[in-house]
Each structure stands twice: as C-alpha cells, then as structure tokens.
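>>> fold the following for me, if possible:
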Amino acid sequence: MKHWLYGAALAAASLGTTTSSVAVELNVGCSGIGQEMALCKSAAEQWARKTGNVVRVYETPPNASNRLSSYRFLLDSKSTFLDVIQIDIVWSGMLAPHLLDLKPYTNGAEKAHFAGVLNNNMVGGRLVAMPWFTDAGLLYYRRDLLEKYKLPIPATWDDLTATAKKIQDAERLAGRPKMWGYVWQGRAYEGLTCNALEWITAAGGGTVMDSSGSITVNNPQAVKAVQTAAGWIGSISPNTTLRSMEEDARTAFQEGNAVFMRNWPYAWSLMQSDASPVKGRVGVAALPHGSGAGARGASTLGGQQLAIPAYTQHPKEAAELVLYMTGPEVQKQRALQGSFNPTLTALYQDPDVRRALPWAAQLSAALADAVARPSTPAGASYERLSNAFSIAINDVLAGKIKADESLRQLEAALVRMRYADNRPEQTASLKP
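Residues are numbered from 1 along each chain as shown. Got it, this is the predicted structure:
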C-alpha cells in the first residue's frame, strides 16, 4: 500500500534540490482513476508556468482504502514529501489534525463553493481542504439495448435484476457470450462501502451508523438488500466483481460487455470519446429505488478535495496552487474534459458547462437522494468502520457467510470498536 510513497520519494530525491532560478518545488499526490491524473498534471503545469515554480505530480494508489492508509502513514510520520494531497470527501475529519488551515490564505474564495460541500471541510472552525469536485453514484445503461428489447429504465433494484437478466440472456443467445447484466464495485474497499450503503439505505435499512453514533446495520431490510446483491454474483454480475473497482467496471461496460453499470460521473466523458465502442449508445439515470415499506432512492455522496499537509515546507505556495486548482478556470476545464462536477455554484450557469454535462438533471436527482457515509458520527473511527463493513459485505458476496450472520457479527464488532474508542457520549446508546 505504501510502496508508491517510497518510490516517489526516491524519485524526488534523485532530481536534486531546487535551483536558484526556481522559487519552490511542490509535490502533489493525485488519483489516477480515469482522466484524473492527466487533468491534475495539466492544471498543476498551468500554475507552474504562471508562477515560475515547479510541480511534480505523483499517482496515488487507485484503491481508495490503500490511498488513505498511505496518506496516514505519510502524515503520522510528519513527512514533508507531499505538499498537496487529493482526499475523499469523508477523510477531512479523519485527517484534520495533520492538515493546514487554509482560511488565512483564501481571501474568502471558499464562499463561492456549495455550502454543504464546503461545510464538510470545516473541522473545529478550521478549513482543512478546498472542494474540487462533487458527485454521486449513477446508473449507466445501454440505451440501445433497452430500446431493442422495449424495456424501461429500471425503477427499483428488483426491476434492474429482472431486466439485466433478460437482456443478458438474450444477447448471449444472439452470439455475445461475454455480455453481463450489471457491473459494479465489489472489492472489499471504499467503493463497496458506497455500493452497499446505497442498497441498504434504499431498502430502508439505515446507514450502518446513525447520527447519534448508534450501530444500525443489523436489521431485516439490510439483510434482504445484501442477500439480493449476493444473488447477482454469477447470475447477472461476473465472479470477478468480488475484485472489481471503478475502472474494472468501466472497462467492461465501455467495451460493450454489460447492460448496466454503477459508477461515478467521471465515466461519462470516457463513454463519449471517439475510441469508445459504446459512444452514443449510453444513457444515465439515478440509481434504482428499494422495494417495500421504508424504501427510497439512495446514491452515495462522493467528491474529492485538495488539502495541504501541515508539514509542508512551502505552505504559502501550496495554498496558492490549491486555490488555483480548485478555482473557476480549472473546475471548468475539468467539467468540459472529464465530466467532473464543479463545486463552484456559478459554473452551473456557464453555457459550456451545461452542454458538457447533459445529464445534470439526473445528477440533481441523484444528489436529491444522496446519502452521506457515516464519517461524521464515526469521526476518527470511520476508516475502521468502512473497512469492517466492506469486508463483511464482500464475504457475503463471496458466499463465505450468510447475510444475517455477517451483519450480526459486524454489529457486534462495530459496537466493540466504538466502546474501545472511549467516546461515552457516542456509545451510551449502543446495544452490545
């Protein structure tokens, strides 16, 4: 998980020290999912040309859980290696003690961002990160195949299961043996946490931990939702789903080998590229609703931020870089080239942005049904909660344990974890 840090640090050391003609050298850690690395490098290089500084961008692990572990390793050691890091929306609270307060550097620039996203980055009165893009889980579908079989976009997860199976089987009979009904993120990592939270919340099964810190994951609705998902493996979803992350699902869908896909908005622009086999044949919708009493729509709220480790040797320049990369010029560029949703409210009135994001209405519907991961009530415990949750769900998907027993064991483990964290105000209501 941390090998990239060692390699990157050695590479940086081999480049030597800053020359007298250059103000500073900054190292940035960015995700390599989809077009993220290319767009991150482009923005960093633009700023470097404008300022005369040097920026080197390093690709962080694609697995979000591994990326977080690497960051924690780096920050716990008070490393000065990275000056700017890309962090998930749920990491602000966990990493806050190690992050620089940006408020002294912003001159009020943060007020132009969506308030809800910005507030996520305010921890103890400190602005520990700047919003970069926001998103929510979406359902991608093969519009041409739904039209071919005269079937509607699935309204519920039960509808999706039936529709995916019908089209998959028909396409295989027609000579396309690689066709699957539904591809998604099933590996035991943060991506599965997002998927499973959507199923369980949509079924009326809560959000694993409620706002008071009580563990709510062990209930009949949650059990049924996880059982349904386990039934997809080997039926409408390949067995490789157990190891699948965002790019695995996107590749299968974009190669024309799936009817439906759950993914983030970034995948849209890649589907529409000239090299895409499914260009012009893809639609986007909000994720299906659950079925039965208490059911609803649910899409996990996502998004990424830029933060500065408190141990940087160049806080002023790092802050200038963060403000540039989260500013209107770069956010518009990312919307047009990569389908990344701006966090700056004014950009949604920009004609170019509106044309580049034709499914903004679907995203709005997804955001209306958005469910936040329980990072706020979990606080510093969120990483362990998410890891335990995703492993428990993956075990059910793999057929290692039944859903009811897995969630019962998970509940007991999470309750023990909360008590061990010595937070009596949050654990008083928990039931062992």
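>>> partners of the helix or strand Gly29 falls within in the sheet?
For Gly29, the host element (DSSP states H and E) is strand 25-30. For strand 25-30, the paired strands and their directions (DSSP bridges) read strand 54-59 (parallel), strand 84-88 (parallel).
>>> JSON lines for the ones you listed, including mean neighbour count, mean pLDDT and distance to Asn119?
To be clear about C-beta, it is placed using only N, CA and C from the backbone, and glycine gets the same treatment. Listed next are these as JSON lines, based on neighbours: other Cβ atoms under 10 Å; pLDDT from 0 to 100; distance: least, Cβ to Cβ, whole Å:
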{"stretch": "strand 54-59", "mean neighbour count": "20", "mean pLDDT": "96", "distance to Asn119": "28"}
{"stretch": "strand 84-88", "mean neighbour count": "25", "mean pLDDT": "96", "distance to Asn119": "16"}
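>>> circling back: what is the mean pLDDT for the strand holding Gly29?
Strand 25-30 shows an average pLDDT of 97 in the prediction.
>>> check stretch 394-404 too.
98.
>>> what do you get for stretch 223-234?
Averaged over stretch 223-234, pLDDT sits at 98.
>>> residues touching that stretch, excluding its own?
Outside stretch 223-234, the residues within contact range by Cβ atoms under 8 Å, 6 or more residues apart in numbering are 157-158, 161, 181-182, 186, 195-196, 199-200, 202-203, 205, 239, 241-242, 290, 393, 396-399, 403-404, 406-407.
>>> just stretch 310-317 next, same as before
When contacts are defined by Cβ under 8 Å, 6+ apart, stretch 310-317 is touched by residues 23-24, 26, 51, 53, 75, 78-80, 82-84, 98-100, 105, 308, 318.
>>> just the strands from the chain, written as ranges.
Ranges of strands in the chain, per DSSP state E, are 25-30, 54-59, 84-88, 122-123, 126-127, 130-136, 138-142, 180-183, 258-263, 282-285, 299-307, 370-371.
>>> in CSV: those, plus distance to Ser42.
Formatted as CSV, these follow (distance: least, Cβ to Cβ, whole Å):
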stretch, distance to Ser42
strand 25-30, 11
strand 54-59, 10
strand 84-88, 14
strand 122-123, 29
strand 126-127, 25
strand 130-136, 14
strand 138-142, 25
strand 180-183, 29
strand 258-263, 23
strand 282-285, 25
strand 299-307, 15
strand 370-371, 29
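>>> between those strands, which gets the lowest average pLDDT?
Note on the strands of the chain: strand 370-371 shows the lowest mean pLDDT, a mean of 84.
>>> now do that one: distance to the chain's middle.
13 Å (Cα atoms, centre = their mean, to the nearest Å).
>>> what's it packed up against?
helix 190-202, strand 299-307 (3 or more Cβ pairs under 8 Å, 6 or more residues apart in numbering; DSSP states H and E).
>>> quick one, the last one and helix 190-202 angle?
Direction vectors for strand 299-307 and helix 190-202, defined by axes from the mean of the first three to the mean of the last three Cα atoms, to 10 degrees, enclose an angle of 140 degrees.
>>> relative to Met179, how far out is Pro170?
For residue 170 the amino acid is Ala, not Pro. Computed as Cβ to Cβ, to the nearest Å, the Ala170 to Met179 distance reads 9 Å.
>>> swap that for Arg262, please
Distance, Arg262 to Met179, using Cβ to Cβ: 17 Å.
>>> between these two, which is the more surrounded one?
The neighbour comparison of Arg262 against Met179 (other Cβ atoms under 10 Å) goes to Arg262, with 24 against 21.
>>> mind listing what the residue nearest to that one when sequence neighbours are not counted touches?
Once flanking residues are discounted, Arg262 sits nearest to Trp184: 4.2 Å by Cβ to Cβ, 6 or more residues apart in numbering. Each residue near Trp184 by Cβ under 8 Å, 6+ apart is listed here: 195, 237, 241, 244, 249, 261-263.
>>> could you pull out the helices for the stretch 51-200 of the chain?
For the stretch 51-200 of the chain, the helices defined by DSSP state H, counting those that start in this stretch occupy 64-76, 92-95, 103-106, 115-120, 143-148, 157-173, 190-202.
>>> then the stretch 201-350 of the chain?
Under the criterion DSSP H, counting those that start in this stretch, the stretch 201-350 of the chain contains helices at 220-232, 246-254, 267-271, 315-325, 328-338.
>>> ok, which of the strands of the chain comes nearest Ala420?
Closest of the strands of the chain to Ala420 is strand 122-123, at 22.5 Å (criterion: Cβ to Cβ).
>>> and that closest one, which strands flank it?
Using DSSP bridges, the strands paired with strand 122-123 are strand 126-127 (antiparallel).
>>> how far is the strand it pairs with from where the chain is centred?
Worked out by Cα atoms, centre = their mean, strand 126-127 lies 22 Å from the chain centre.
>>> now do stretch 314-321
Centroid separation for stretch 314-321 versus its chain: 26 Å, with Cα atoms, centre = their mean.
>>> please identify the buried residues of stretch 39-52?
39-41, 43-44, 46-48, 51 (16 or more other Cβ atoms under 10 Å).
>>> now do stretch 307-319
For stretch 307-319, a neighbour-count test (16+ other Cβ under 10 Å) marks 307-312, 314-315, 317-319 as buried.
>>> show the end-to-end separation of that stretch, please.
9 Å (Cα to Cα, to the nearest Å).
>>> same deal with stretch 112-129?
14 Å.
>>> flag every buried residue along it.
For stretch 112-129, using 16+ other Cβ under 10 Å, the buried residues are 112-114, 117-118, 120-123, 126-129.
>>> dump these to a markdown table, plus distance to Ser375.
Output for the buried residues of stretch 112-129, formatted as a markdown table (distance: Cβ to Cβ, whole Å):
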| residue | distance to Ser375 |
| --- | --- |
| Ala112 | 24 |
| His113 | 19 |
| Phe114 | 17 |
| Val117 | 13 |
| Leu118 | 16 |
| Asn120 | 9 |
| Asn121 | 12 |
| Met122 | 14 |
| Val123 | 11 |
| Arg126 | 17 |
| Leu127 | 17 |
| Val128 | 13 |
| Ala129 | 13 |
